[in-house]
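Q: Build me a model:
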Amino acid sequence: MNIDLLLVLLLLAAAVVMFIINRPRMDAVALIMIVLLPFTGVLTAQEAMAGFSDPNVVLIAALFVIGEGLVRTGVARQVGDWLGRTAGSSETRLLVLLMLVAAGLGAVMSSTAVVAIFIPIVLRLCQQTGASPRSLMMPLSVAALLSGMLTLVATAPNLVVNAELQRQGAAGFGFFSFTPFGLPLLLLGIGYMLLVRRLLAGGVARIATVQRRASLADWVELYQLPDREYRLRVPEGSPLTGRLLGTLPLRAEGINILAVERRRRFGRDLLRPIAALEVQVGDILLADVQDTQVAHAELCARHGLEVLPPGDDSRYFTSRAQEVGMVEALVPAESSLVGQTLLQARLRSADGLTTIGLRRGRAIVGPDLLQQNLRVGDTLLLFGFWSDIAALRGSHGDLVLLNLPAEFDEVLPVQGRAVPAVAALLLTVGLMIGGVVPNVHAALIGCLLMGLFGCVDLPSAYRAISWKSLVLIVGMLPFSVALQRTGGIDLAADAVLAVAGEASPYVLLALIFGVTAGLGMFISNTATAVLMAPVALGVAAEMGASPYPFAMIVALGASAAFMTPVSSPVNTLVVTPGGYGFGDFVKVGAPFTILVMVVSLLLVPWLLPLR
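A: Down below sits the predicted model:
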């Protein structure tokens, strides 16, 4: 062993130890390695930092942005809602569909993001069906990990292994090269989780008790709002046509126009009820009518409005929760609103919000709401667009925001862009499959389309990228070159062959899978792939075998992070909502890892011949 190799191995060992103890954080370790590697004399500073220009690093960043577009536009959430409707009350159907959907989404976006999206969906479905979160959260994490075995872009280790193949002169994998392995393993995972779910559900959940936040429906009941929602259409010949909303006498009659629906070429828009808005034929006025006895008879006769029949759309206090909602606000002692009526307060002009409820202590004030003089300590229920509600926080001292409903957390940042987001995704995948342009070029086209369609903006795109993961990859990639130059790869390959002796290639593949999965218990699976891919390819070269089965076994082993709650972020995310302990992952994940290894050893040499 030469001195250069010894120095590189010492740095690598130091990095692994820091990964295991998690001190400092992984991306800081990677940066330390970038700084120290040139001092060994094996690499120049430019070579140590070459990972920043690696196309696969750019590809991974672009995929984070595309995934963020699917989240912001509600595509992922709509899939989750469909899951709830389709599964019904069957826990078995729910588990199967959950794993299929999570794995399908994880094949084209970050598996960590998929799990983060589905945790609240699963908890809500558990409340509706009576299923135990313990029996569904681990299947969710298993499906997310298995999704990494479905496509080339599903997880970073796949791209790392593919890059190493190309660096050594091989053609690399195609977009669906992983699918023949991932699909059988996914079906195996579903069957396995159906068998062991009783074992999980039988444990004692350790879920922290969280106080439930009020929902819009809760406030509708508390403030006695049922039956006050009316949708009033402006027909041909209505005297309101062409008039400005601010000139209409409706509010003085106790009729608040809270929003206006207007037909566009592709659906309907919900417009703010500003004074300068001109009423048009076909507009639907969303009205809060306190005196419901007058609404049908006098409104239709006096203003030529048509009251639309009750239905799901008429319950706009709760049914339009992605666009409009409510907030509770307190009138403080120093507020200039004290002593004024709600009409005089002109909150809509100042904040774009309309008062639809007033509470003093536990008593609800009404029905002459607009004529009430405001007092210190009054609680107002305000209705309006979420952007106006968000702007209310810290905007002035006249009102203090008290409570936001639970629906506020589920408001999508981007409305009405789901179809363009899916179109951008499909085009990106199509370009990758067809090989029309390099994968990184296809992903960048997808990012630009997401921005062009308004699915993401630059701030959200930068926030979506896991810079920690990218820096980790960039910092570990130079080790592959350094070990190659110093003979470390040949030494490792010889060591693997020496351990295996005259054993069959199946034993070698099993050994590589086991080492890869074992390292993944302690360090990032991306870092594991960076370390193991050149070793596996070195073994293949020593044997005179094809590099593809050895590269594939590393990729599959890197995704087999089922055994501990800290072996992957997706496992860590489900620990608390599932109420799991370390032992739960060991007793469920260890046997499944062995099953995955056995199936992989059967499939890989069969589909990717060794010679």
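
Q: longest single helix anywhere in this protein?
A: Scanning the chain for the helix with the most residues, using DSSP state H, yields helix 582-607.

Q: Tell me how many other residues crowd residue 36.
A: 15 (other C-beta atoms under 10 Å). Using the backbone N, CA and C atoms, a C-beta is placed for each residue, glycine as well.

Q: Tell me the confidence at it?
A: Residue 36 is assigned a predicted lDDT (pLDDT) of 94.

Q: again with residue 226
A: 82.

Q: avg pLDDT for the longest helix of the chain?
A: Helix 582-607 carries an average pLDDT of 92.

Q: Same check on stretch 345-361?
A: Rounded mean pLDDT across stretch 345-361 is 86.

Q: Output it as CSV - backbone C-alpha positions only.
A: Extracted as CSV, the C-alpha positions of stretch 345-361 are listed here (Å, rounded to 0.1, in the frame of the first residue of the first chain):
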residue,chain,number,x,y,z
ALA,A,345,-64.9,50.1,10.3
ARG,A,346,-64.6,49.4,6.6
LEU,A,347,-62.5,46.3,7.1
ARG,A,348,-63.0,45.2,3.5
SER,A,349,-61.5,48.4,2.2
ALA,A,350,-58.6,48.1,4.5
ASP,A,351,-57.8,44.4,4.5
GLY,A,352,-60.0,42.8,1.9
LEU,A,353,-61.8,40.8,4.5
THR,A,354,-65.5,40.8,5.4
THR,A,355,-66.9,40.3,9.0
ILE,A,356,-69.4,37.4,9.0
GLY,A,357,-69.5,36.7,12.8
LEU,A,358,-69.0,38.5,16.1
ARG,A,359,-68.4,36.8,19.5
ARG,A,360,-68.3,38.4,22.9
GLY,A,361,-67.0,35.9,25.3
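
Q: Identify each buried residue in it, please.
A: 345, 347, 348, 351, 352, 353, 354, 355, 356, 357, 358, 359 (16 or more other C-beta atoms under 10 Å).

Q: Show me what counts as buried in the longest helix of the chain.
A: 584-585, 588-589, 592-593, 595-597, 599-601, 603-605.

Q: Same check on stretch 556-569?
A: Of the residues in stretch 556-569, 556-565, 567-569 count as buried by neighbour count, 16+ other C-beta under 10 Å.

Q: Lowest-confidence one in those residues?
A: residue 567 (71).

Q: what's it in contact with, if anything?
A: 520, 521, 522, 525, 561 (C-beta atoms under 8 Å, 6 or more residues apart in numbering).

Q: count of neighbours near the first one?
A: The number of residues packed around residue 520, counting by other C-beta under 10 Å, is 27.

Q: and it, how far is that from residue 560?
A: Residue 520 is 7 Å from residue 560, where distance means C-beta to C-beta, to the nearest Å.

Q: next one: residue 43
A: Distance from residue 43 to residue 560, by C-beta to C-beta: 31 Å.

Q: Would you format the contacts of residue 567 as a markdown table with distance to residue 145 and secondary structure included?
A: Putting the contacts of residue 567 into a markdown table (distance: C-beta to C-beta, whole Å; DSSP: H, G, I helix; E, B strand; the rest coil) gives the following:
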| residue | distance to residue 145 | secondary structure |
| --- | --- | --- |
| 520 | 10 | coil |
| 521 | 13 | coil |
| 522 | 16 | coil |
| 525 | 9 | helix |
| 561 | 6 | coil |
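
Q: Nearest to residue 194 among the residues you listed?
A: residue 561 (21.1 Å; C-beta to C-beta).

Q: Does the closest one touch residue 145 like I think?
A: Yes: applying C-beta atoms under 8 Å as the test, residue 561 and residue 145 come out as touching, 5.9 Å apart.

Q: between those two, what contacts are shared?
A: 568, 571.

Q: Determine the set of other helices and strands touching whatever helix or strand residue 97 lives in.
A: Per DSSP states H and E: residue 97 is located in helix 91-106. Applying 3 or more C-beta pairs under 8 Å, 6 or more residues apart in numbering; DSSP states H and E, we find helix 91-106 packed against helix 75-87, helix 111-129, helix 134-147, helix 179-201.
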